[in-house]
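Student: Okay, predicted coordinates and the sequence, questions at the end:
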4 protein chains.
Amino acid sequence: MDVTLTSTGATTAAPGKRAQTKEQNRRLILGAARRVFVELGYGPSTVRDIIRATTLASGTFYNYFKSKEDVFFALREETAAALKPKLREERRQAKTAEDFIAATFSAFFAFAASEKDHFAAINTETLHRHPDTLDVVAGLDELCQDIDHAIGRGLFPSLDAEFLAAAIIGVAFEISGVMQNRPIHDVQASTRFATALLLGGIAHSDWQ
Amino acid sequence: MDVTLTSTGATTAAPGKRAQTKEQNRRLILGAARRVFVELGYGPSTVRDIIRATTLASGTFYNYFKSKEDVFFALREETAAALKPKLREERRQAKTAEDFIAATFSAFFAFAASEKDHFAAINTETLHRHPDTLDVVAGLDELCQDIDHAIGRGLFPSLDAEFLAAAIIGVAFEISGVMQNRPIHDVQASTRFATALLLGGIAHSDWQ
Amino acid sequence: MDVTLTSTGATTAAPGKRAQTKEQNRRLILGAARRVFVELGYGPSTVRDIIRATTLASGTFYNYFKSKEDVFFALREETAAALKPKLREERRQAKTAEDFIAATFSAFFAFAASEKDHFAAINTETLHRHPDTLDVVAGLDELCQDIDHAIGRGLFPSLDAEFLAAAIIGVAFEISGVMQNRPIHDVQASTRFATALLLGGIAHSDWQ
Amino acid sequence: MDVTLTSTGATTAAPGKRAQTKEQNRRLILGAARRVFVELGYGPSTVRDIIRATTLASGTFYNYFKSKEDVFFALREETAAALKPKLREERRQAKTAEDFIAATFSAFFAFAASEKDHFAAINTETLHRHPDTLDVVAGLDELCQDIDHAIGRGLFPSLDAEFLAAAIIGVAFEISGVMQNRPIHDVQASTRFATALLLGGIAHSDWQ
DNA sequence: GATGAATGAGAATTCATTCAT
DNA sequence: TATGAATGAATTCTCATTCAT
């Protein structure tokens, strides 16, 4: 009984340290989850696997997350938070359609190349298990908005923004997949190809 | 003597009732699996779920397939067998780059619209669990070959065939995803958009 | 209907051939079972394993045997039928205690060395699963009788025949186990050791 | 601060309620396994059977043991730990061959009579499923060593120690089997018989 | 008699989650 | 809050056996 009192006292006495440990544990779990998702794929991964990749006890997991899915959403949020601002920023400043497209692909491929783990954890079958993932991460909504905005600014002709956004994202993911399978991850070449294709199509003059 | 003949004859008659039931059951399981995969997604689906979607006993499943994965491969094979020939045939006969691209998208979107289940079962997260699925179903290899061939015939400029194939497949899947979410599945509009984009790029003149 | 007639006719027409196939199949199953028991041990072996080691269909098994245990009893009977007469014959003709003991061990070890498979199939954990196996195979009853008889003939002093029979069989099996683990299966040496031990004990004069 | 101390103290106190329950459950499972092995034999016993003989939930079993085999090894270790020291101790102090042999048999039969369950659980067909069981439990290695040592001390003539050890163990197990089937478990009579046989052989003078 | 597919009980094992400490 | 043992539902898979052909 008095214990409650005392312990409460202790809790309020050192809130900083408590909070720090809490944030620490949260990051511990997220990091472990990312590693596990990359290793096993999202579907086969279990909460047990995540806990095992941690120094924490099984019960502790549930102080931070409700389920594996819950962890995944947190990870996705992290990735989105890291990627989306970069994408938007550059697109905002685009003066031409080429700037716009190139900025999008460039940011995307650079991220895919540098943050392999972020990307791998997301890229696994999660994409289709949670089909909005790609939209969330790459910011389909924002891309749509930006495209509409760009159409308004006269950068693009008036076309189906949703289709275009889908096409851009489809090309971005598939090309980045090919890129990651090649011996060297040539971000520039990938960006050049995707940009040229989206901008001028196959028929345009200067391939190579 | 003749008895032996007769009885043998009866037993091995044409497909025989036995063989017929066997093929029937195989199809029963495949059908159930397709429905289950569409409903739950591939990962969460269990062999039990598939059996439950069937009138058969649990053990019977294993007379036909080794595992859930085994069923999936059979389904994928089916889908590929249904889709790939259509794709190739039309591309073969293409006289122009536009024919080539349009034929590919048209066949793909038509298939996606008409064979929703085939497509949905494949399209689930299986795509990334079995990353070669898309290649198998849509025939990445054949697409690469056909592109190379088309380059040889002078239909296309000389570009990175693998990148282009990836881009086409990425656009095809993503656009078909958008299409399937819209109230009406306008195959023609989707085909027109994707073809125009890939062929002339965003910058080309006549959108709409 | 008339088929029944005809087929019956056929059956009675060539009874020899039928019977031959029947006996053939029985032997096929017994042989497969022995191999399987030796390979996997009796416990882990399944009827399926036995059938698989055969060219026959699963249902056919049940035309010949009721269960795995049933097969085992048949095998044991076979082994007993092969071993017991040899043992008895030689013991009958024994003129001295040494003859009696030596004959028993000699026949046993020779059998163990030559009929490894028979022996191995029996020797596995079946021994204790069916604890009477050893008695059946080695003929504990007959050994008891023969000992009693020998006591009557004055070959042995008057001792507890059951204990002695147990001791003989225990020594026989354990020594044969050691023998089979040695590089060469020296039946004579084993016989000599066991006979000397049982006859004169450790304390007797001429070991070596 | 002191709260931490107190709570920590409570949690880790001596064995602690947790640890105590854990050990309790371990013994619960081992006890159940022993009963089940005796009842059904090792081979036919299943993990389910063991769990069912317990008040615990199925999953709990796997918190303690990996498999049925794992339990068996634990039981065997227990039995060996209970039996072997008795055997060795008495043999060490043996002044004569008779002492040596008698001590071995006496300890063995006494154990067999008193610890029927220990013995029965081990004695089942496990013996041949895990052929080293007998050696482990009865200490074949130690017996060999002790025999060699005894030969060195001049207690025994120079004979094949491995053969002798095998013979002793064979006699011990078989005689104890006979003994256990008799209405009264006369440890002394069994010891006397086995000792006399091994020591002086059948031919020695004073049976009875 | 021979065949081999269907059956469904049952075995081993894992897992998310709870809760006493 | 952290811990980690207990839980029992759920899953995969095997097996002996039956029975229509």
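Tutor: Noted; the coordinates are in hand.
Student: From now on I want contacts and neighbour counts done on CA atoms only, so please keep to that.
Tutor: Noted.
Student: Next, count neighbours for residue A:88.
Tutor: Here the number of neighbours of residue A:88 (other CA atoms under 10 Å in any protein chain shown) works out to 20.
Student: Secondary structure element for the residue in chain A positioned nearest to DNA strand F, which one?
Tutor: Using CA to the nearest atom of the strand, the closest approach of chain A to DNA strand F is made by residue A:59 at 3.1 Å. Assessed by DSSP states H and E, residue A:59 sits inside helix A:58-64.
Student: Look up how far residue A:48 lies from the residue of chain A closest to DNA strand F.
Tutor: For residue A:59, the distance to residue A:48 equals 10 Å [CA to CA, to the nearest Å].
Student: and what of residue A:85?
Tutor: Counting by CA to CA, the gap from residue A:85 to residue A:48 is 34 Å.
Student: same thing with residue A:56?
Tutor: Taking CA to CA, one finds residue A:56 at 11 Å from residue A:48.
Student: Repeat that for residue A:184.
Tutor: Counting by CA to CA - residue A:184 and residue A:48 are separated by 36 Å.
Student: neighbours of residue A:53, just the number please.
Tutor: 16.
Student: looking at it, it is touching residue A:32, isn't it?
Tutor: Yes. Using CA atoms under 8 Å, residue A:53 is in contact with residue A:32, at 5.5 Å.
Student: Now for these two: what residues contact both?
Tutor: Common contact partners of residue A:53 and residue A:32 (CA atoms under 8 Å, 6 or more residues apart in numbering or on different chains): none.
Student: Show the model's pLDDT score for the spatially most central residue of chain A.
Tutor: Of all residues in chain A, the one closest to the mean position by CA atoms, centre = their mean is residue A:79, 3.3 Å from it. Looking at residue A:79, its pLDDT is 81.
Student: Quick check: buried residues in the helix or strand harbouring it?
Tutor: Following DSSP H and E, one finds residue A:79 within helix A:68-92. For helix A:68-92, burial by neighbour count (16 or more other CA atoms under 10 Å in any protein chain shown) applies to A:68, A:71-72, A:75-76, A:79-80, A:83-84, A:86-88, A:90-91.
Student: what do you get for stretch A:46-54?
Tutor: A:46, A:47, A:50, A:51, A:53, A:54.
Student: Distance from the chain centre to it, please.
Tutor: Relative to its chain's centre, stretch A:46-54 lies at 22 Å (CA atoms, centre = their mean, to the nearest Å).
Student: Restrict that stretch to CA atoms and write it as PDB.
Tutor: Extracted in PDB, the C-alpha atoms of stretch A:46-54 (Å, rounded to 0.1, in the frame of the first residue of the first chain):
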ATOM      1  CA  THR A  46       5.800 -12.900 -35.500                       C
ATOM      2  CA  VAL A  47       5.700 -10.800 -32.400                       C
ATOM      3  CA  ARG A  48       7.800 -13.500 -30.800                       C
ATOM      4  CA  ASP A  49      10.500 -12.900 -33.500                       C
ATOM      5  CA  ILE A  50      10.500  -9.200 -32.800                       C
ATOM      6  CA  ILE A  51      10.700  -9.700 -29.100                       C
ATOM      7  CA  ARG A  52      13.500 -12.300 -29.500                       C
ATOM      8  CA  ALA A  53      15.500  -9.700 -31.500                       C
ATOM      9  CA  THR A  54      15.300  -7.500 -28.400                       C
END
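Student: In chain A, where is pLDDT below threshold?
Tutor: By pLDDT under 70, the low-scoring segments of chain A are A:1-20, A:115-138, A:205-206, A:208.
Student: Would you mind naming what in it lies close to DNA strand E?
Tutor: A:45, A:46, A:47, A:48, A:49, A:58, A:59, A:62, A:66, A:67, A:68 (CA under 7 Å from any atom of the strand).
Student: list the contacts for the first one?
Tutor: With contact taken as CA under 8 Å, 6+ apart, residue A:45 is in contact with A:36, A:37.
Student: how about it, secondary structure?
Tutor: What DSSP: H, G, I helix; E, B strand; the rest coil gives for residue A:45 is coil.
Student: Could you pull up phi and psi at it?
Tutor: Phi and psi for residue A:45, reported as degrees, to the nearest 10, are phi -60, psi 140.
Student: distance of it from residue C:109?
Tutor: Taken as CA to CA, the span from residue A:45 to residue C:109 is 57 Å.
Student: Widest-spaced pair of the buried residues of stretch A:46-54?
Tutor: Maximum pairwise distance among these (CA to CA): 13.0 Å, between A:46 and A:54.
Student: Buried residues of stretch A:185-196, list them for me.
Tutor: A:185, A:187, A:190, A:191, A:193, A:194, A:195, A:196.
Student: what's the distance between that stretch and the middle of its chain?
Tutor: Using CA atoms, centre = their mean, the offset of stretch A:185-196 from its chain centre is 20 Å.
Student: who's in contact with that stretch?
Tutor: With CA under 8 Å, 6+ apart as the criterion, stretch A:185-196 contacts A:98, A:101-102, A:105-106, A:109-110, A:113, A:171-172, A:175-176, A:179, B:163, B:167.
Student: Which stretches in chain A count as helices?
Tutor: A:2-13, A:15-40, A:47-52, A:58-64, A:68-92, A:97-114, A:116-123, A:126-129, A:133-138, A:140-152, A:161-181, A:187-200 (DSSP state H).
Student: Would you mind putting those into TSV with distance to residue C:207 alongside?
Tutor: Output for those, formatted as TSV (distance: least, CA to CA, whole Å):
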stretch	distance to residue C:207
helix A:2-13	80
helix A:15-40	66
helix A:47-52	63
helix A:58-64	66
helix A:68-92	74
helix A:97-114	81
helix A:116-123	75
helix A:126-129	78
helix A:133-138	85
helix A:140-152	94
helix A:161-181	76
helix A:187-200	86
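Student: Show me the one of those that comes nearest residue C:144.
Tutor: helix A:47-52 (62.0 Å).
Student: which strands and helices sit next to that closest one?
Tutor: Here helix A:47-52 touches helix A:15-40, helix A:58-64, going by 3 or more CA pairs under 8 Å, 6 or more residues apart in numbering or on different chains; DSSP states H and E.
Student: Please see if the first one touches chain D.
Tutor: In this case it means helix A:15-40. No. For helix A:15-40, no contact with chain D is found by CA under 8 Å from any CA of the partner chain; the gap never falls below 13.7 Å.
Student: May I see the buried residues of that helix?
Tutor: A:25-26, A:28-38.
Student: export those to CSV and tack on distance to chain B?
Tutor: Shown next, in CSV, are the buried residues of helix A:15-40 (distance: CA to the nearest CA, whole Å):
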residue, distance to chain B
A:25, 28
A:26, 26
A:28, 26
A:29, 23
A:30, 21
A:31, 21
A:32, 20
A:33, 17
A:34, 16
A:35, 16
A:36, 15
A:37, 12
A:38, 12
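Student: What is the nearest of the residues you listed to residue D:200?
Tutor: residue A:36 (70.0 Å).
Student: ok, now how distant is that closest one from residue D:20?
Tutor: If you go by CA to CA, the gap between residue A:36 and residue D:20 works out to 35 Å.
Student: okay, now residue A:43: neighbour count?
Tutor: 19.
Student: So it sits against residue A:72, correct?
Tutor: No. Taking contacts as CA under 8 Å, residue A:43 lies outside contact range of residue A:72: 10.9 Å.
Student: Make JSON lines from the buried residues of stretch A:185-196 and add distance to DNA strand F to it.
Tutor: Listed next are the buried residues of stretch A:185-196 as JSON lines, based on distance: CA to the nearest atom of the strand, whole Å:
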{"residue": "A:185", "distance to DNA strand F": "37"}
{"residue": "A:187", "distance to DNA strand F": "40"}
{"residue": "A:190", "distance to DNA strand F": "40"}
{"residue": "A:191", "distance to DNA strand F": "42"}
{"residue": "A:193", "distance to DNA strand F": "43"}
{"residue": "A:194", "distance to DNA strand F": "41"}
{"residue": "A:195", "distance to DNA strand F": "44"}
{"residue": "A:196", "distance to DNA strand F": "46"}
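Student: Cool, thanks, signing off.
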